[in-house]
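Enquirer: Need the 3D shape of this:
(chains A and B)
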Amino acid sequence: MKPLLPLRSFRDGVLTGLFLLVLFLPVCLTRISDEVTPGGLEEKRQLAEMPSFPKAVDAIKTFPHRFEAYYNDHFRFRDVMIRSHNRLELKILKKSPHRDVLIGKNGWLFNTREHLLEDFLTIEPFTEDELRARKPLLEAKRDWLASRGIP
Amino acid sequence: MLFTSTVFLFLFLPLALLLHYVLPERFRNAFLLLASLFFYAWGEVFYAVIILVSIGINYTMARAMAAYPPGGRKRALLLTTIGLNLALLGWFKYANFMVDNINVVLRIFDGPVIHLEPVHLPIGISFFTFQALSYVVDAYFGRVAVQKRMVDLALYIALFPQLIAGPIVRYRDIAAEIAARHVDLSRFAYGVRRFIIGMGKKMILANPVGELADTVFALSPGEWTTPLTWLGIACYTLQIYFDFSGYSDMAIGLGRMLGFTFKENFNYPYAAASIREFWQRWHISLSSWFRDYLYIPLGGSHLSPRRTIVNLWVVFLLCGLWHGPSWNFVIWGGLHGCFLSLERTEFDRIRRWLWWPLRHIYVLLVVMVAWVFFRLETLPEALSFIGIMVGVGEGSAPPQLTIDLFPFEHRLVFMVAILACVSWRSVGKRMADLYFRNQARFMSTMTIRLQPWLTTGLHVLNVAALMSILILSIMHIAVGTYNPFIYFRF
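Expert: Here you go, the predicted structure:
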């Protein structure tokens, strides 16, 4: 069994080295600033800003939460990790990486928010009362369009 | 601070590891204590004072006890310390619960109700209180030497890997390592392996099945159907195991990286063939705590059979209450106590007589039904859920649920999670025993066949698999920070 020992030590060394690399690399490369890395993700929102050092009691209470929000938005390789995760889901699991987006045929994507999917699938039809309430509105619109010569 | 947060993984942990190993040995305990208090204060801020109070009480009282010979005064000091610890836990965890229940009684007799503002529950208070209690009781009985250095005792109570969710570590198990620790590459790598496996259990298995369970439990009772309730509780059964055992694995792994050896907390509990065996495999540090510090002092199983059953009930009702201030937890504990008691009667003959797969099904059924009380907050909801599980009062599922309820990813994770509930190493050994009659012959055959290229290949595969789990888990964590306002794209 002797030849196994150096091999095991080598395996342990590689595993430990890679683990520490994964842990330390983002710390070493994260810059404390509010800049967004070029080629970052388009989230259409204001990313959290670095909180100032707390001076009042209330600020101390909320500091960890505010710092975590900042760090979550700015840690190094965030964009790479998110893109890789979403690509994996899309390519391997054929799953939409976002719950509000449905993957259609021929590269089409569908928005599913605000019950749009349920509407398309007629899963949640209007009740009789709702239909009755909408009828005069639609009729009024039809008449208004007709008065302008639009059939 | 959560182990699966970016701040922990990419800031706290690397800095803590670095400084721990850079500092001279004599400063390491003080540094780890400061790091642990910072870790706790990150989530609890000013409530971190409570853990300091707990440390102060237990350090002072244990030192005071040591000054007296065995007898009345020493005993009085022990009872006072236990009382103070339980008072701290009682106030922060059970004050509102007790007041609510007293008010129910007062309302019946038209008495004036008591008003109490909600008391904040400091995270991990049940864990560190139980650790402290085990220390003072062991110190009283002379099982451990009283710690004279406050920093060292404080480190035992507040050590960050096991601080907020266990395992409940005994002082005697790590006393020597608090005094002097030895870490080599093999031990550190073992810690890394356990940490990665734990993180994978949490991020890759527990969270997706948890999402599915949440979808089912979020429905109103009128929307539950029999298949849905079974799916929901099966997912929750998997979620709670992989979530908690994953956390324990991470704690054990972190401990090992820092030079501490924590005992195992889980041992494939869902593979148990009796409820008794289940409790020898589930949350072992808690069940052994209750065994050593409550069940045995009550007389354990050495008194009459009736007394043994009473002891079991007391232990498991309190074990239920330990999990949270709610009657549902008490019922959960009661159910386990009930079946543990039954297994000490003629009922156990029937259990033993059963075909072995049926014994496992019996355990899973009891455990899953009991989890309903653990998961649902109110008794009527839990009873309604169990009723629907057996086909009574079934509702109709909302039509939206028919879309993508159980997608490929969830089905895959569900199957992997079920397979991961079994120790395949034990199954392999059993099979080997069966086919090769004796294990030694099998092992020698395997050793010859595995030499040498296959062994190298297996090591490479092992590292590659662990790194894939780590990266995949980090990807899941990163995605949790991604909050796009997607509607603006349309």
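Enquirer: the bottom helix or strand of the chain by mean pLDDT?
Expert: As the question left the chain open, I've gone with chain A. In chain A, the helix or strand scored least confidently by mean pLDDT, DSSP states H and E is helix A:116-120, which has a mean of 76.
Enquirer: oops, chain B please
Expert: helix B:439-450 (a mean of 59).
Enquirer: domain ranges for chain B?
Expert: Split into domains by automatic domain parsing, chain B comes to B:6-181, B:188-397, B:423-489.
Enquirer: With mean neighbour count and distance to A:Val101 as extra columns, can I get these in a markdown table?
Expert: Yep, even glycine has a C-beta here, placed from its N, CA and C like the rest. Shown next, in a markdown table, are the domains of chain B (neighbours: other C-beta atoms under 10 Å in any protein chain shown; distance: least, C-beta to C-beta, whole Å):
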| stretch | mean neighbour count | distance to A:Val101 |
| --- | --- | --- |
| domain B:6-181 | 17 | 25 |
| domain B:188-397 | 19 | 17 |
| domain B:423-489 | 14 | 7 |
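Enquirer: would you turn those domains into a markdown table with distance to A:Ala48?
Expert: A markdown table is the format used below for these (distance: least, C-beta to C-beta, whole Å):
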| stretch | distance to A:Ala48 |
| --- | --- |
| domain B:6-181 | 12 |
| domain B:188-397 | 22 |
| domain B:423-489 | 10 |
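Enquirer: which sections of the stretch 301-450 of chain B are below the confidence cut-off?
Expert: B:399-405, B:436-450 (pLDDT under 70).
Enquirer: Now with 90, please.
Expert: The stretch 301-450 of chain B contains residues with pLDDT under 90 at B:301-309, B:324-326, B:344-348, B:350-357, B:377-381, B:390-413, B:422-450.
Enquirer: One more: chain A?
Expert: Applying pLDDT under 90 to chain A flags the ranges A:1-11, A:25-65, A:68-128, A:130, A:149-151.
Enquirer: List the residues that contact B:Pro161.
Expert: With contacts defined as C-beta atoms under 8 Å, 6 or more residues apart in numbering or on different chains, the neighbours of B:Pro161 are B:250-252, B:254-255, B:258, B:260, B:262.
Enquirer: Which of the helices or strands spans B:Gly83?
Expert: Following DSSP states H and E, one finds B:Gly83 within helix B:72-89.
Enquirer: Check the offset of that helix from the chain's centre.
Expert: The chain centroid and the centroid of helix B:72-89 are separated by 26 Å under C-alpha atoms, centre = their mean, to the nearest Å.
Enquirer: tell me what it is packed against?
Expert: helix B:48-66, helix B:125-140 (3 or more C-beta pairs under 8 Å, 6 or more residues apart in numbering or on different chains; DSSP states H and E).
Enquirer: can I get those in TSV with mean pLDDT and distance to chain A?
Expert: Below are the helices and strands packed on helix B:72-89 laid out as TSV (pLDDT from 0 to 100; distance: least, C-beta to the nearest C-beta, whole Å):
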stretch	mean pLDDT	distance to chain A
helix B:48-66	93	11
helix B:125-140	94	19
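Enquirer: same question for stretch B:280-289, mean pLDDT?
Expert: For stretch B:280-289, mean pLDDT is 94.
Enquirer: Please put the alpha-carbon coordinates of it into CSV.
Expert: C-alpha atoms of stretch B:280-289 as CSV (Å, rounded to 0.1, in the frame of the first residue of the first chain):
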residue,chain,number,x,y,z
GLN,B,280,-29.2,7.1,16.6
ARG,B,281,-28.6,8.6,13.1
TRP,B,282,-30.5,11.9,13.1
HIS,B,283,-29.0,15.1,14.8
ILE,B,284,-26.8,12.8,16.8
SER,B,285,-25.3,15.6,18.9
LEU,B,286,-28.8,16.7,20.1
SER,B,287,-30.2,13.2,20.7
SER,B,288,-27.0,12.2,22.6
TRP,B,289,-27.3,15.5,24.6
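Enquirer: Show me the contact partners of it.
Expert: Applying C-beta under 8 Å, 6+ apart, the contact partners of stretch B:280-289 are B:130, B:134, B:166-169, B:244, B:263-269, B:271-272, B:279, B:319, B:322.
Enquirer: Among the contacts of B:Pro161, which lie within helices?
Expert: Among the contacts of B:Pro161, the residues falling in helices (DSSP state H) are B:250-252, B:254-255, B:258.
Enquirer: Follow the chain on from the helix holding B:Gly83 and name the next helix or strand.
Expert: According to DSSP H and E, the helix or strand after helix B:72-89 is helix B:95-108.
Enquirer: Centre of the chain to that following helix, how far?
Expert: Counting by C-alpha atoms, centre = their mean, helix B:95-108 comes out at 30 Å from the chain centroid.
Enquirer: what do you get for stretch B:132-145?
Expert: Worked out by C-alpha atoms, centre = their mean, stretch B:132-145 lies 23 Å from the chain centre.
Enquirer: Just the C-alpha atoms of that stretch, please, in PDB.
Expert: What follows is stretch B:132-145 as a C-alpha-only set of coordinates in PDB (Å, rounded to 0.1, in the frame of the first residue of the first chain):
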ATOM      1  CA  ALA B 132     -22.600  25.600  28.000                       C
ATOM      2  CA  LEU B 133     -24.900  23.300  30.100                       C
ATOM      3  CA  SER B 134     -23.000  20.200  29.000                       C
ATOM      4  CA  TYR B 135     -19.800  21.900  30.100                       C
ATOM      5  CA  VAL B 136     -21.000  22.900  33.600                       C
ATOM      6  CA  VAL B 137     -22.600  19.600  34.300                       C
ATOM      7  CA  ASP B 138     -19.500  17.700  33.100                       C
ATOM      8  CA  ALA B 139     -17.400  20.000  35.300                       C
ATOM      9  CA  TYR B 140     -19.600  19.300  38.300                       C
ATOM     10  CA  PHE B 141     -19.200  15.600  37.900                       C
ATOM     11  CA  GLY B 142     -15.500  15.900  37.300                       C
ATOM     12  CA  ARG B 143     -15.700  14.500  33.800                       C
ATOM     13  CA  VAL B 144     -13.800  17.600  32.500                       C
ATOM     14  CA  ALA B 145     -11.200  19.800  34.200                       C
END
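Enquirer: if I look at the closest residue to chain A within the stretch 201-350 of chain B, how far off is B:Gly71?
Expert: Going by C-beta to the nearest C-beta, chain A is nearest to B:Met257 of the stretch 201-350 of chain B, at 9.1 Å. The gap separating B:Met257 from B:Gly71 is 44 Å, by C-beta to C-beta, to the nearest Å.
Enquirer: same check, this time on B:Trp424
Expert: Taking C-beta to C-beta, one finds B:Trp424 at 54 Å from B:Gly71.
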